[in-house]
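1. kindly return the folded structure for what I paste below:
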Amino acid sequence: MDKIASHRDLLVWQKAMDLTVLVYRLSQRFPANEMYRLVAQMTRSAASVPANIAEGNARGSKRDYSHFLSIAKGSLMETETYLMLMLSIRLNYVSEVEAQPALSLLLEISKMLTALRSRLAE
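-> Next up is the predicted model:
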């Protein structure tokens, strides 16, 4: 496995940061009464993805790193549920077209996390 100087060098972390920005921007369209409900949950889960990638990368062992990548993937799926598949679109807070760039990025990050965990297991 190649040595990475910082989690900021990881493409998956960079893309997770991009996704977090998209989620924050989309959530600005939500009604004010969702600020402390759905918006808080969705932005927290999105921000958790790059945070867990960074924390895992800073850990001393592959096992710990893999564990934090697993948590990042869980947060990613939580974000997907809030934003895409279940709530936001069903509640008509955002359209499928508006959510599509975030969904595409979400799927890409999911694949990247799976591949990185597989590399750690080698």
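2. which strands or helices does the helix or strand bottoming out on mean pLDDT in the chain pack on?
-> Every helix and strand in the chain was compared by mean pLDDT, DSSP states H and E; the lowest is helix 87-90, with a mean of 84. Here helix 87-90 touches helix 38-58, helix 96-121, going by 3 or more CB pairs under 8 Å, 6 or more residues apart in numbering; DSSP states H and E. C-beta: built from backbone N, CA, C; applies to glycine.
3. share the number of residues neighbouring Gln41, please.
-> Using other CB atoms under 10 Å, Gln41 has 17 neighbouring residues.
4. which residues does it contact?
-> 78, 82 (CB atoms under 8 Å, 6 or more residues apart in numbering).
5. about what we covered before: pull out the buried positions in the least confident helix or strand of the chain.
-> 87-89 (16 or more other CB atoms under 10 Å).
6. identify all contacting residues around it.
-> By CB under 8 Å, 6+ apart, the surrounding residues in contact with helix 87-90 are 26, 30, 38, 42, 81-82, 93-96, 99.
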